[in-house]
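> sequence and predicted structure below; questions after.
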Amino acid sequence: MPKGDYKHLKADIEDGTVPIARLLLEAVSMSTLHGVAKSVLVFIWRRTYGWIDAEGHKFKTDRITLDEFAAAVNSERTYVSKMLKVLVAANVITVEQAGRTKEYGVNTDIASWSDEAIDKEKLLKAIGQNLYVHSSKKMLSSSTTVVLQDNLSSTQRLSSRTTQRLSSRTTFISENPSSGAGFGASKESIKESKEIASSPIPPISPLDMSESEFETEVEWHVKQGTGNERYILKTTDRLLLHGMLAKGIPKQTILDAVDDTCKKYQPKHEYDRGITSFAYFEGPIYDTWALSQTVQEIAVGGESHGGYHRARAGHTAEDPGAEVYIQRLIDRKGS
């Protein structure tokens, strides 16, 4: 098959390449970007780094219309527009207004990417493990060390995200670290150390959690409710969750709705993959929030506020499901 024959869709590096920094490729493979968002990023690469100017320099930005994006990634304009906003908010791409169109580019400073878009500590760990090195070269590069710029000084810190549930976590402490139960320690001191080490930390209330800690708590509830231990919040899921918090939806309301939805979920067929997106909980969360506001207003003798009427059809005072929600909320308020 001849080189350069696009008709047969045969790729060959001799027909042209797009120079991409290795770290960018590694970062994208580690990122939480998926679907159209990742396709949009690749398209920007092709339109910029894939071309050079008259002086032989790579283009770093280009004017790209929404129609061009939609056609290139085979998606709808409205959804592409949403993904562009996600990428800009995550600091993965840059955008500047250039006349009637916008000029897009790729942010090569991986350290400045949002934590929702990439786990930088895991990226550094993967690089340190030579995961991106060809197997025949690994012995030669075993001593390679990589550091990401000064604003990635967080490489020494532990990630704020954890797989352990924060509201029921425990710690391991030592009453006297310098005389801990080591070699030559008595049985009594070892026993005492074990008793101290298993002392639990007081549970963390959702009200006291930071946004990143609350994300971990939500993931834990979904994992417990669905049985899917690999479930994680994607970038769009986190943006949706943060939007709910910004609107004033209580964290406990979100967790309650997630738990109830998981309990009521019924697979539609044998190949049903279950709940894979946080967007599945959006309706139930707003329903629970609207009902909780109704309960509070009834308790103080007020009228329902139109701004809280987001409950879907069927969740009314006549609906047994609504009564269960209301009674549970009343019980919690009284406890």
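In hand now; what should we look at?

> for Ile20, what are its contacts?
Neighbouring residues of Ile20 by CB atoms under 8 Å, 6 or more residues apart in numbering: 45, 49. Glycine gets a C-beta too; all of them are placed from N, C-alpha and C.

> would you map the helices across the chain?
Read by DSSP state H, the chain holds these helices, from start to end of the chain: 22-30, 35-48, 66-73, 77-89, 120-128, 187-197, 211-226, 235-246, 251-264, 282-299, 320-334.

> how many residues are close by the closest residue to Glu215 other than its chain neighbours?
Take Glu215 and drop its neighbours on the chain: the residue closest to it by CB to CB, 6 or more residues apart in numbering is Leu233, 5.6 Å away. As a burial measure, Leu233 scores 20 neighbours (other CB atoms under 10 Å).

> follow-up on the earlier one: with mean neighbour count and mean pLDDT as added columns, please give the helices of the chain in TSV.
What follows is these, written out as TSV (neighbours: other CB atoms under 10 Å; pLDDT from 0 to 100):
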stretch	mean neighbour count	mean pLDDT
helix 22-30	16	92
helix 35-48	19	93
helix 66-73	16	95
helix 77-89	17	92
helix 120-128	17	90
helix 187-197	13	47
helix 211-226	19	87
helix 235-246	18	87
helix 251-264	19	90
helix 282-299	20	75
helix 320-334	14	49
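
> now the spatially closest residue to Tyr280 that is not a sequence neighbour: how far from Glu76?
Nearest non-adjacent residue to Tyr280, counting by CB to CB, 6+ apart: Thr261, 7.2 Å away. As defined by CB to CB, to the nearest Å, Thr261 lies at a distance of 27 Å from Glu76.

> same check, this time on Arg47
20 Å.

> these two touch, right, Leu241 and Thr216?
No - applying CB atoms under 8 Å, one finds Leu241 not in contact with Thr216, separated by 11.5 Å.

> turn the helices of the chain into a markdown table, including distance to Lys137.
What follows is those, written out as a markdown table (distance: least, CB to CB, whole Å):
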| stretch | distance to Lys137 |
| --- | --- |
| helix 22-30 | 13 |
| helix 35-48 | 25 |
| helix 66-73 | 34 |
| helix 77-89 | 32 |
| helix 120-128 | 14 |
| helix 187-197 | 44 |
| helix 211-226 | 36 |
| helix 235-246 | 32 |
| helix 251-264 | 45 |
| helix 282-299 | 47 |
| helix 320-334 | 59 |
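
> so which of those helices comes closest to Lys60?
Between Lys60 and the helices of the chain, the tightest spacing by CB to CB is seen for helix 35-48, at 5.8 Å.

> using PDB, list the CA coordinates for the closest one.
Extracted C-alpha coordinates of helix 35-48, given in PDB (Å, rounded to 0.1, in the frame of the first residue of the first chain):
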ATOM      1  CA  GLY A  35     -14.700  10.400  25.600                       C
ATOM      2  CA  VAL A  36     -15.300  13.700  23.800                       C
ATOM      3  CA  ALA A  37     -13.100  15.700  26.200                       C
ATOM      4  CA  LYS A  38     -10.000  13.600  25.300                       C
ATOM      5  CA  SER A  39     -10.900  13.700  21.600                       C
ATOM      6  CA  VAL A  40     -11.200  17.500  21.700                       C
ATOM      7  CA  LEU A  41      -7.700  17.700  23.300                       C
ATOM      8  CA  VAL A  42      -6.200  15.400  20.600                       C
ATOM      9  CA  PHE A  43      -7.900  17.500  17.900                       C
ATOM     10  CA  ILE A  44      -6.200  20.700  19.300                       C
ATOM     11  CA  TRP A  45      -2.900  18.900  19.100                       C
ATOM     12  CA  ARG A  46      -3.400  18.000  15.500                       C
ATOM     13  CA  ARG A  47      -4.400  21.600  14.600                       C
ATOM     14  CA  THR A  48      -1.500  23.200  16.400                       C
END
